[in-house]
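Asker: Quick one: sequence plus predicted model below, questions after.
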Amino acid sequence: MKKAISVAVVLLILAVLSAVGYVWQKHGVYGLNALLRRGGSYWIAVAPDDARLSPAMQLALKSEIPDVTAGASSWNETEPGFQVREIPVMAGDREIDRLYLNRFDPAKFRFVARNEPSGAKDIDQWEAALNPQGTGGTVLIVNGSYFGLKGEADTPFVSMGARLGPDEYDAKAGAWFVNASGTHVVDLNSRDWRAVTENAENAMVSYPLLVGEDGRNNVRAKSNWLANRTFIAEDRQGWIIVGSTKDAFSLDRLANFLLQTDLDLKTALTLDGGPVACLSVRSGNYRLKHYAKWEAQVADGDVSLLQAPLDVPWGLPVVLTVERR
């Protein structure tokens, strides 16, 4: 019996080491952190009305999707050059979602792209690192553009003058950048991303572009990919808006909704979505902490919901931060 137990223990240890080795080889430190932090992640099949989906997701998966409108809201200034706003997303008289909006005068605030491939920091840890004991100058932290299997920037990326991400990339959507001319969100349909980011202090290429410079919905493919969303936009007054959805939105419906509002957007670019779409805002007495959790894919009527064994904030290898100048 003792020999059998010893053999079982050895086999278990070997299996664990083999699994860890596989994760390390394929995903590096990021993969190990994801495994230890939340136990990894996986997809499960659910029905369109499954209780594990949020009410907003269940509504979006019905055969007849109701039209949505923007509820009453207004901008509130928390400090000079920074305003916040929450727009209810209404289906009839029922609020089904909410947009968290943050509007900055780029002359008073700087936008920074950051990449920590280890994925060791979630939204709380980024906040603690950038605002130790609440004394730092960082006003907003949100997830950034996409990252690869090892947590490295998956799109062209400039962080405080350092160029990261791929050297070769076919970018047809959009980018935000900061250079001597200011801070802008641009359509890359007729621009080369290399020229846009060449002299940038900070920049991110991302996709898709929600609102193009022609003032139209720029999302080409309509789908029921439902997820928490974050985006960065430039309005026609030159202010930069960073937004986040409370619940799950499809990209084309989000673009349509933004165009229905009075935000007067020149361009709007989505960032990465799903459980990484977390947000932290700290300005004066205003505090907002949003932990994202939703992502579902729909193909041929089959719904898959992204899950993790542990209900903890996801690590954020790529973030956008907004800091006082």
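Answerer: Done, it's in. In this text, all values refer to a predicted model and were calculated from it rather than measured experimentally.

Asker: which secondary structure element contains residue 124?
Answerer: helix 123-130 (DSSP states H and E).

Asker: which outside residues touch that helix?
Answerer: Here helix 123-130 makes contact (CB atoms under 8 Å, 6 or more residues apart in numbering) with 121, 136, 138, 141, 278-280, 282, 289, 291, 313, 316, 319, 321, 323. Placement of C-beta: from N, CA and C, glycine included.

Asker: So what are the sheet partners of the helix or strand just after it and their directions?
Answerer: Once the chain leaves helix 123-130, the next helix or strand it forms, by DSSP H and E, is strand 138-143. In the sheet, strand 138-143 lines up against strand 279-283 (antiparallel), strand 318-324 (antiparallel) (DSSP bridges).

Asker: Those strands: which one's closest to residue 132?
Answerer: Evaluated over the strands paired with strand 138-143, closeness to residue 132 peaks at strand 279-283, with 12.4 Å, by CB to CB.

Asker: What ranges does the stretch 101-250 of the chain have for its helices?
Answerer: Assigned by DSSP state H, counting those that start in this stretch, the helices in the stretch 101-250 of the chain fall at 123-130, 193-197.

Asker: Comparing these, which comes out most buried?
Answerer: When you average the neighbours per residue for each of the helices of the stretch 101-250 of the chain (mean count of other CB atoms under 10 Å), helix 123-130 leads with a mean of 18.

Asker: average pLDDT for it?
Answerer: Averaged across helix 123-130, pLDDT comes to 95.

Asker: Tell me which helix or strand comes right after the helix or strand bottoming out on mean pLDDT in the chain.
Answerer: Lowest on mean pLDDT, DSSP states H and E among the helices and strands of the chain sits helix 2-38, with a mean of 63. Sequence-wise, the next helix or strand downstream of helix 2-38 (DSSP H and E) is strand 42-46.

Asker: Parallel or antiparallel, list what pairs with that next one.
Answerer: strand 302-307 (antiparallel).

Asker: Flag every buried residue along the partner strand.
Answerer: 303, 305-307 (16 or more other CB atoms under 10 Å).

Asker: In contact with residue 206: list those residues for me.
Answerer: Counting by CB under 8 Å, 6+ apart, residue 206 has contacts 144-146, 155, 173-176, 269-272.

Asker: what does residue 116 give?
Answerer: Applying CB under 8 Å, 6+ apart, the residues near residue 116 are 151, 317.

Asker: Check residue 251 too.
Answerer: Taking CB under 8 Å, 6+ apart, one finds 208, 210, 219, 223, 225, 229, 270 in contact with residue 251.

Asker: what about the stretch 51-200 of the chain, any weak spots by pLDDT?
Answerer: 134 (pLDDT under 70).

Asker: Strands of that one, start to end?
Answerer: For the stretch 51-200 of the chain, applying DSSP state E, counting those that start in this stretch gives strands covering 69-70, 76-79, 82-91, 94-104, 109-115, 138-143, 157-159, 162-164, 174-179, 182-187.

Asker: Now do the second one: everything it contacts.
Answerer: Pointing back at strand 76-79 there. Contacts for strand 76-79 (CB under 8 Å, 6+ apart): 83-85, 139, 283-286.

Asker: Since that was my last question, I'll sign off now.
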